[in-house]
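> Sequence first, then the predicted structure:
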Amino acid sequence: MKQTDKLILRTENKEGKCTVFVGGELDLESAAQMRAAMTPLVELCDRELTINLRDLRYVDSTGIGIIVSVLKARHANNAPFAVEAIPPNIRKLFDMTGITPFLLKQQA
């Protein structure tokens, strides 16, 4: 990945779980990059899909829309999905939009 990229993505597959680490800025400009990375992973219904936002500095409505579309696709396939390590400023946006409860891993 080029150093000039605003969005930094890294995927890790371990023990039936796929984690996508998202860093930088997820906005209209980087949306295509995020969609391209997430599209093949959404269909992997045999494993848990987690998005780790620990290093995400900024997200706009386009970025939130991508996360919600992944949530909906995973739900439609009855496949596990969660968002973890949400920075406080991003969590505040998720709380304001009302999506936080749908993104957090559900405890059995």
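The structure has been received and is ready for your questions.
> make it CA atoms for all contacts and neighbour counts henceforth
Fine.
> May I see the buried residues of the host helix or strand of Glu12?
Per DSSP states H and E, Glu12 falls inside strand 7-14. Using 16 or more other Cα atoms under 10 Å as the test for burial, strand 7-14 gives Leu7, Ile8, Leu9.
> same thing with stretch 65-75?
Those would be Ile66, Ile67, Val70, Leu71, Arg74, for stretch 65-75 by 16+ other Cα under 10 Å.
> where's it relative to the chain centroid, distance-wise?
Remark: stretch 65-75 is offset 9 Å from the chain centroid, using Cα atoms, centre = their mean, to the nearest Å.
> Just the helices from the chain, written as ranges.
Secondary structure of the chain by DSSP state H: the helices cover 31-42, 61-76, 88-97, 100-103.
> Once you drop chain neighbours, what's closest to Asp8?
Careful, residue 8 is Ile; it's not Asp. Spatial nearest neighbour of Ile8, excluding adjacent residues (Cα to Cα, 6 or more residues apart in numbering): Gly23 at 4.8 Å.
> next one: Cys45
Cys45's closest residue in space is Ala79 (Cα to Cα, 6+ apart), at 5.1 Å.
> how many other residues sit next to the one you found?
17 (other Cα atoms under 10 Å).
> what pLDDT does it get?
Note on Ala79: pLDDT of 93.
> and it, backbone torsions?
phi -110, psi 140 (degrees, to the nearest 10).
> Next: Gly16.
Residue torsions, per degrees, to the nearest 10, at Gly16 are phi 70, psi 10.
> For it, grab the count of nearby residues.
Neighbour tally, Gly16, other Cα under 10 Å: 9.
> what bits of this protein have low per-residue confidence?
Across the chain, the ranges flagged by pLDDT under 70 are 1-5, 106-108.
> Many thanks, I have nothing further to ask.
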